[in-house]
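Asks: compute the structure for the input listed below.
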Amino acid sequence: QVQLLESGGGLVQAGGSLRLSCAASGGTFSTYAMGWFRQAPGKERDFVAAISRTGKITNYVDTVKGRFTISRDNAKNTVYLQMNSLKPEDAAVYYCAAQIRPFGVLTTSASYTDWGQGTQVTVSS
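Replies: Next up is the predicted model:
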């Protein structure tokens with residue numbers, strides 16, 4: 001099991017940028033596929049982006065393609081989500097998730113066993 005701690009959330013104006021970080025501890029980070037999910041009030045937790053354990057494969061929900069970038073630094077045990085051109089509809093609590101997986105990415109919340117506590121992103125219009 002790996003422990004995950006998100007940071008970098010906050011309040012930003014529409015059109016602005018934020019970079020979320022998720023620091024992992026307690027596991028061999030390079031063996032984990034990682035994902036970012038978000039949950040707005042009254043809604044389900046939705047997939048945002050995923051990255052394979054090596055970082056070579058990424059996947060995004062259509063609504064963030066071209067605006068968000070997921071990346072990872074296995075030497076720092078950290079995964080990032082760079083969010084540009086933010087929109088009010090991007091506002092949510094953002095969670096990172098981890099799952100041991102040799103190849104590929106995972107895009108459903110049920111696929112992940114380890115989760116962080118979340119970080120709030122608020123986008124003002």
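Asks: could you pull up the contacting residues of the residue nearest the centre of the chain?
Replies: By Cα atoms, centre = their mean, the mean C-alpha position of the chain lies nearest to residue 36, the distance being 2.3 Å. Contacts were defined as Cβ atoms under 8 Å, 6 or more residues apart in numbering; by that measure residue 36 touches 20, 22, 48, 49, 50, 70, 79, 81, 94, 95, 96, 97. Bear in mind the C-beta positions are built from the backbone N, C-alpha and C, glycine included.
Asks: among these, which ones are in strands?
Replies: Under the assignment DSSP state E, the contacts of residue 36 contribute 20, 22, 48, 49, 50, 70, 79, 81, 94, 95, 96, 97 to strands.
Asks: between those, which is nearest residue 60?
Replies: residue 49 (4.9 Å; Cβ to Cβ).
Asks: now for the closest one: which residues touch it?
Replies: 35, 36, 58, 59, 60, 61, 64, 68, 69, 70, 81.
Asks: tell me the one of these nearest residue 9?
Replies: Residue 9 lies nearest to residue 81 out of the contacts of residue 49, by Cβ to Cβ, at 10.2 Å.
Asks: I'd assumed residue 72 was in contact with that closest one.
Replies: No - Residue 81 is beyond contact range of residue 72, at 10.2 Å (criterion: Cβ atoms under 8 Å).
Asks: taking the contacts of residue 49, tell me the two that lie furthest apart.
Replies: 35 and 69 (14.0 Å).
Asks: coming back round to it: and the ones in strands among the contacts of residue 36 as CSV, adding distance to residue 4 and pLDDT?
Replies: Listed next are these as CSV, based on distance: Cβ to Cβ, whole Å; pLDDT from 0 to 100:
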residue, distance to residue 4, pLDDT
20, 12, 98
22, 5, 98
48, 15, 98
49, 15, 98
50, 14, 98
70, 14, 98
79, 9, 98
81, 13, 98
94, 12, 98
95, 8, 98
96, 5, 98
97, 7, 98
